[in-house]
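> below are the sequence and a predicted model; questions follow.
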Protein chains: 2
Amino acid sequence: MSVAVYRLVIAYDGTDWAGWQRQPGAETVQGTVESALAEVLGERVAVVGAGRTDAGVHASGQAAHVRWRSGFPLSGLVHGTNSHLPPSVRVMQASSMVPEFHARKSARAKQYRYRLRREPVISPLHGRYCVALRGEVDLEALGGAASAVVGRHDFTAFARSGGAHGQPWRRIDEAEWTSSGPQLEFRIVGEGFLRGMVRGLVGTMLEVGRGRRTLEQFEDLLRGRPRTEAGPNAPARGLTLERVDYEESWFASESFPL
Amino acid sequence: MSVAVYRLVIAYDGTDWAGWQRQPGAETVQGTVESALAEVLGERVAVVGAGRTDAGVHASGQAAHVRWRSGFPLSGLVHGTNSHLPPSVRVMQASSMVPEFHARKSARAKQYRYRLRREPVISPLHGRYCVALRGEVDLEALGGAASAVVGRHDFTAFARSGGAHGQPWRRIDEAEWTSSGPQLEFRIVGEGFLRGMVRGLVGTMLEVGRGRRTLEQFEDLLRGRPRTEAGPNAPARGLTLERVDYEESWFASESFPL
């Protein structure tokens, strides 16, 4: 039996999940996708994610890989798995990849988005995915902080305490704040992220936007300052992992659906 | 003690609710708002809605009125009530109204929106509020059907069977389909709606859009044809009550929040 590697694009509403990563005794997205896929394949196989997301964080485009026999119908991986998943998790797409593909190691970049709303009361129709922003923020100051994030930095100050194993340098390609009506969004694209990094950046940039921290102080944090010097993590529900990018050369076939 | 009438604007994610209207043994939005308000006022008072919404239907701007002593702080009606509500229901705004105000009888118009997505798999981040649209639809045909809905018609064909008490004529002021990327939306504004009317209209217009029913046949339904001749109700979760409009003259004060 020849073996192939499949990439799954997975979306989830993280509200009621204990994060992506399988843990004993917790309801996780990874464990749930593995159970659903086992119903389709007749056997439990590991679903290896491009990265973990914390409890309450959403994804519209998490990526994961699965090793299984070659030639398995991509439509079955999508619709078959979805028929065994709860409505808060969906396989959006499946692709056949070259054998060396690895969802985490092959990732070129990831995009995250953080959503806030400047409203006295947040509607329940937004409240699962957006966080209330109280008081005034200076959009120009936020933009300055976002520009400072772009480039290669030591992000120790923004990594979850105790979670920064390995080297803390990461390359950020794009980072911007945009505002539309009451909605305020931060979008960031980078080669990789430390645990808790986006939420730590958002929480600390908001302090810059409120004038509680200068841009210079913020820039200093990007030089490997300790976690205790940065601001608090912004709440999980505002954050969505939108995309994991791979080079075209990893793909062995067209994706389903296209 | 002088008595006043307050209008509340209420938003809810209808997914897990048995609709707006209080019913014995069911979790309804009306009953839940009354319980939360009782914690604030120290006494249970009726919360009279502008209209009922079915189980699973959402609202970003349902309206309701409450009779209570005059001079009660509007901020307390909003934040106090919200502190006793589950996250899926929120009081968005409170206003003092003139004594004759009645949320249903004084309403000038309501706006509903129905959301569909033309995607093979709907992301869980959209799936609570949007319905998957399978196959091709002709946007021009949908637009023709929407135009036919505008005006004064006998909507018996689109009322929930057994639910059309009273006269079945309603005036529709605006009706339009709009398309943006994968998203397809129907927006309708009218003086009032029969039970199930928007979902019946959407389900039947989609048959026109798919070429299964001609525009002429659709127009004929607007002349009081029986319910059995129209198409199926579109699913509840695609529908949101967005706005209930009142003349300025009903308002006795500025609203909180503005």
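Yep, it's here.
> alongside chain B, which residues does the stretch 51-200 of chain A contribute?
A:58, A:60, A:78, A:82, A:87-93, A:120-125, A:127-129 (Cβ under 8 Å from any Cβ of the partner chain). In short, each C-beta sits where N, CA and C put it, glycine included.
> ok, now with 7 Å
Counting by Cβ under 7 Å from any Cβ of the partner chain, the residues of the stretch 51-200 of chain A close to chain B are A:58, A:60, A:78, A:82, A:87-90, A:92, A:120-121, A:123-125, A:127, A:129.
> return the subset of those lying in helices.
Within these, residues falling in helices by DSSP state H are A:82, A:124-125, A:127.
> can you put these in JSON lines and add distance to B:Gly31?
Below are those laid out as JSON lines (distance: Cβ to Cβ, whole Å):
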{"residue": "A:Asn82", "distance to B:Gly31": "34"}
{"residue": "A:Pro124", "distance to B:Gly31": "17"}
{"residue": "A:Leu125", "distance to B:Gly31": "20"}
{"residue": "A:Gly127", "distance to B:Gly31": "21"}
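> A:Ala252: which of the residues you listed is nearest?
A:Asn82 (22.5 Å; Cβ to Cβ).
> now rank the ones in helices among the residues of the stretch 51-200 of chain A next to chain B by neighbours and give me the top one.
Greatest neighbour count in those, by other Cβ atoms under 10 Å in any protein chain shown, goes to A:Pro124: 23 neighbours.
> quick check, it in contact with B:Ala11.
Yes - taking contacts as Cβ atoms under 7 Å, A:Pro124 lies within contact range of B:Ala11: 5.6 Å.
> who touches both of those two?
Counting by Cβ atoms under 7 Å, 6 or more residues apart in numbering or on different chains, the common neighbours of A:Pro124 and B:Ala11 are B:Arg90.
> show me where the stretch 1-150 of chain A has its strands.
A:3-12, A:48-49, A:58-69, A:89-97, A:109-117, A:131-132 (DSSP state E, counting those that start in this stretch).
> list of residues touching the fourth one?
Applying Cβ under 7 Å, 6+ apart, the set of residues contacting strand A:89-97 from outside is A:4-12, A:29, A:32-33, A:65, A:74, A:77-78, A:81-82, A:250-253, A:255-257, B:121, B:123-124.
> centre of the chain to that strand, how far?
16 Å (Cα atoms, centre = their mean, to the nearest Å).
> so who does A:Gln111 touch?
A:187, A:189, A:242-243.
> 10 Å instead, please
A:60-61, A:173-174, A:187-190, A:240-245 (Cβ atoms under 10 Å, 6 or more residues apart in numbering or on different chains).
> repeat for A:Tyr12
A:20, A:29, A:32-33, A:53, A:57-60, A:62, A:85-86, A:88-90, A:240-241, B:123-125.
> and for it, nearest residue in space, chain neighbours not counted?
A:Val89 (4.5 Å; Cβ to Cβ, 6 or more residues apart in numbering or on different chains).
> tell me how many other residues crowd that neighbour.
By other Cβ under 10 Å, neighbour count at A:Val89 equals 21.
> and it, how far is that from B:Asp13?
According to Cβ to Cβ, to the nearest Å, A:Val89 stands 18 Å off from B:Asp13.
> dump the strands of the stretch 1-150 of chain A to a markdown table, plus distance to B:Pro99 and mean pLDDT.
Formatted as a markdown table, those follow (distance: least, Cβ to Cβ, whole Å; pLDDT from 0 to 100):
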| stretch | distance to B:Pro99 | mean pLDDT |
| --- | --- | --- |
| strand A:3-12 | 50 | 96 |
| strand A:48-49 | 60 | 98 |
| strand A:58-69 | 46 | 97 |
| strand A:89-97 | 51 | 98 |
| strand A:109-117 | 35 | 98 |
| strand A:131-132 | 34 | 96 |
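> can you tell me what sits against stretch A:207-225?
Under Cβ under 10 Å, 6+ apart, the answer for stretch A:207-225 is A:133-149, A:151-158, A:168-169, A:172, A:177, A:184, A:200-201, A:204-206, A:227, A:229-232.
> residues of that stretch that come out buried?
Neighbour-count burial for stretch A:207-225, counted by 16 or more other Cβ atoms under 10 Å in any protein chain shown, picks out A:207-210, A:213, A:218-219, A:221-222, A:225.
> just the closest of those residues to chain B, please.
A:Arg210 (20.2 Å; Cβ to the nearest Cβ).
> circling back: could you export the buried residues of stretch A:207-225 as a markdown table, including secondary structure?
Listed next are the buried residues of stretch A:207-225 as a markdown table, based on DSSP: H, G, I helix; E, B strand; the rest coil:
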| residue | secondary structure |
| --- | --- |
| A:Glu207 | helix |
| A:Val208 | helix |
| A:Gly209 | helix |
| A:Arg210 | coil |
| A:Arg213 | coil |
| A:Phe218 | helix |
| A:Glu219 | helix |
| A:Leu221 | helix |
| A:Leu222 | coil |
| A:Arg225 | coil |
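> which of the residues you listed sits closest to B:Ala236?
Looking across the buried residues of stretch A:207-225 and measuring by Cβ to Cβ, the closest to B:Ala236 is A:Gly209, at 39.6 Å.
> leaving out the residues flanking it, which one is nearest to that closest one?
Nearest one to A:Gly209, counting by Cβ to Cβ, 6+ apart, is A:Val137 at 3.6 Å.
> ramachandran angles for that neighbour?
When read as degrees, to the nearest 10, the backbone of A:Val137 gives phi -130, psi 150.
> my read: it touches A:Ser179, true?
Yes - the pair A:Val137 / A:Ser179 is scored as a contact, 9.4 Å apart, by Cβ atoms under 10 Å.
> the two - which one has more neighbours?
Neighbour count, other Cβ under 10 Å: between A:Val137 and A:Ser179, A:Val137 has more, with 21 against 14.
> residue contacts, that one?
A:Val137 touches A:116, A:118, A:177, A:179, A:184, A:205-211, counting by Cβ under 10 Å, 6+ apart.
> gap between it and B:Leu41?
A:Val137 is 35 Å from B:Leu41, by Cβ to Cβ.
> got it, and A:Glu100?
Counting by Cβ to Cβ - A:Glu100 and B:Leu41 are separated by 66 Å.
> who has more neighbours, the two?
Taking other Cβ under 10 Å, A:Glu100 and B:Leu41 do not tie; B:Leu41 has more neighbours (17 against 9).
> need the nearest residue in space to the more buried one, chain neighbours excluded.
Counting by Cβ to Cβ, 6+ apart, B:Leu41 lies nearest to B:Trp68, which is 6.2 Å off, once chain neighbours are set aside.
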